[in-house]
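> sequence first, then the predicted structure, then my questions.
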Amino acid sequence: MTELTYTEEVVPIEKLREDEEFRSLVPPNNMKEQLVSSIAKNGQTLPIDVDSSYIILDGYTRFQIFRELRFKEVKVRKWNFKSSEDRATAYKLIAMLNLQRRHLEKNEVLKLLRELAEKIEKSSKEVQKFSPVGVNLEHNNETNTKPADLELKMKQVKEEIGAKEVTDSDIQKYSIISTIPFLRQLVDDGKIPLRTAYELYTKAKDKLQKIANLPPTERNQLLTTKEGRKIILERDDLLQPILEHKMAVSQAINKIKTEEKLQRSKKKSRVKDEDLDETEDEGEEVETDEGEEAESDEYPFVEEWQKAKEEEKVEQQLTPRFNVSVNSSTRQVTLEVANVLEELSRKGFAKLDFGTEVVIAKISGKYYAILLEALKSLERGSKQYKDLADFLVSNNLAVYDAEEDNYIISWRSLNCS
């Protein structure tokens, strides 16, 4: 790698040039609104990194903001090489700058290491110098690269850029699942954790190959939901009809949810029966004939099923345009939800009496109710709402601040005041 030095300058903003490959190498900054506010108030605090030809290496979001705010001049940190002649050095420098300045998630760092390894291998002037001894360089296509080769290259990149966010074990697992591109893509996108993807690979590699030809939407539904993964790992009776296009994934998932719901109801009924038996044993002996006893064992289960079906029918009648999951074991909740939906259909609006402050947020085309106190606690550094934190980060609505040990939340993106 070229020995790097830099000088700092103030130059006209028109002098800077963009490179689309450099722009897309790292995940976009999802806190642009906060940056706009900070730059408008405090001016430029960090220089934009450029090569000796003033091609931007890092700082594309800030560069865009400077142009929007009509900056005439900007501070730059000019590095002593030309990216057009030394792409490998440019790739690694961009990665190091981003790892130092931003908190990237594990999946983002793994994706970055892989892309760097692939790009550096294709960089003709750096291939022989960068590749470890024994690595087969004949595999230029990522789908043909052996896991061991990819692992070695990613570990080499990790060492050169100082990526401490991932372990060698993470890289090994990531390299293995990369042999199934659609599985790796879900990890890259933060849709499933690396651990989950690796478990699927080790336990059901043959089944993953079978679902490769399913439509992406159906396939992703199997992989990103716990019910879908259960179908892959345990329920061949449901997976086979899906593969034969005789059953939709959503139908199979609903079947599992219904079965689990009934199992919980049956278990609850058995507990009640056991409590009743204990009470009867302590008091007078209760006379029942065998037929009545058999019927009483089954009755609570049947009643729960009938109740669920009736409530589902009421829900469909009241809410033809809404898809809402209702807890059949709580009549009050069912009634309240049904009333709200009926009022929405009739009036066009409804009052939500949650008893606490909530934010109604539109995220990826769907609406979510989020506790306002939960959002504030994340900003204070509380670890109580980890699921919410993970959800917001995965949707680019929050970032973790390692120094403050808290989350910065993009409030405007949540459609709240």
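Now that the structure is in, tell me what you want to look at.

> immediately after the helix or strand that contains I39, which helix or strand?
I39 belongs to helix 32-42 when assigned by DSSP states H and E. Of the helices and strands lying after helix 32-42 in sequence (DSSP H and E), the nearest is strand 48-50.

> within the sheet, what are the partner strands of the following helix or strand past that next one, with directions?
Per DSSP H and E, the first helix or strand lying C-terminal to strand 48-50 is strand 56-58. Strand 56-58 has its sheet partners listed here by DSSP bridges as strand 48-50 (antiparallel).

> list the contacts of the strand it pairs with.
The set of residues external to strand 48-50 that reach it, using C-beta atoms under 8 Å, 6 or more residues apart in numbering, is 6, 16, 56-59, 62-63, 74-79, 93-94, 97. From N, CA and C alone the C-beta is placed, and that goes for glycine too.

> list buried residues within the residues you listed.
6, 16, 56-59, 62-63, 74, 76-79, 93-94, 97 (16 or more other C-beta atoms under 10 Å).

> narrow those to those in strands?
Applying DSSP state E to those, the entries found in strands are 6, 56-58, 74, 76-79.

> which of the residues you listed sits closest to D236?
Checking those against D236 with C-beta to C-beta, the nearest one is D58 at 49.4 Å.

> so in terms of bridging, what pairs with that closest one?
Here D58, judged by DSSP bridges, has bridge partners D49.

> give the contact list for it.
D58 makes contact with 22, 26, 48-49, 93-94, 97-98, 101 under the criterion C-beta under 8 Å, 6+ apart.

> any idea how many residues pack against A88?
Counted with other C-beta atoms under 10 Å, the neighbours of A88 add up to 23.

> should've said F349
7.

> what sits closest to it if chain neighbours are left out?
Excluding its sequence neighbours, the residue lying closest to F349 (C-beta to C-beta, 6 or more residues apart in numbering) is E343, at 7.6 Å.

> what kind of secondary structure is that neighbour in?
Here E343 is helix, with the state taken from DSSP: H, G, I helix; E, B strand; the rest coil.

> am I right that V74 is in contact with F66?
Yes: counting by C-beta atoms under 8 Å, V74 touches F66, with 5.5 Å between them.

> identify the contacts common to the two.
13, 44.

> before we move on, the earlier item: how about residues contacting the helix holding I39?
29, 45, 61-62, 65-66, 68-69, 408, 410, 412-413.

> just to revisit the earlier point, so which of the buried ones among the contacts of strand 48-50 comes closest to F182?
Looking across those and measuring by C-beta to C-beta, the closest to F182 is I94, at 27.2 Å.

> hang on, E165 in a helix?
No: according to three-state DSSP, E165 belongs to no helix; its state is coil.

> what distance do you get for the residue lying closest to it once chain neighbours are set aside to V26?
Nearest non-adjacent residue to E165, counting by C-beta to C-beta, 6+ apart: V109, 4.5 Å away. V109 sits 10 Å away from V26, going by C-beta to C-beta, to the nearest Å.

> who's more crowded, these two?
Ranked by neighbour count (other C-beta under 10 Å), V109 and V26 place V109 first, with 23 against 20.

> what strand or helix carries the more buried one?
Here V109 is assigned to helix 106-122, by DSSP H and E.

> for L200, same thing?
Going by DSSP H and E, L200 is in helix 194-210.

> quick one: mean pLDDT for that helix?
Averaged over helix 194-210, pLDDT sits at 96.

> name the surrounding residues that touch that helix.
Residues contacting helix 194-210 (C-beta under 8 Å, 6+ apart): 106-107, 110, 170, 173-174, 176-177, 180, 183-184, 186-187, 223, 229, 232-233, 239, 243.

> repeat that with 10 Å
106-107, 110, 166, 169-174, 176-180, 182-184, 186-187, 191-193, 211, 219, 222-224, 226, 229, 231-234, 236, 239-240, 242-243 (C-beta atoms under 10 Å, 6 or more residues apart in numbering).

> list buried residues within these.
106-107, 110, 166, 170-174, 176-180, 183-184, 186-187, 192, 211, 219, 222-223, 229, 231-232, 239, 242.

> quick one, what contacts the closest residue to P147 other than its chain neighbours?
Once flanking residues are discounted, P147 sits nearest to S175: 4.4 Å by C-beta to C-beta, 6+ apart. By C-beta under 10 Å, 6+ apart, the contact list for S175 reads 110, 113-114, 117, 145-155, 184.
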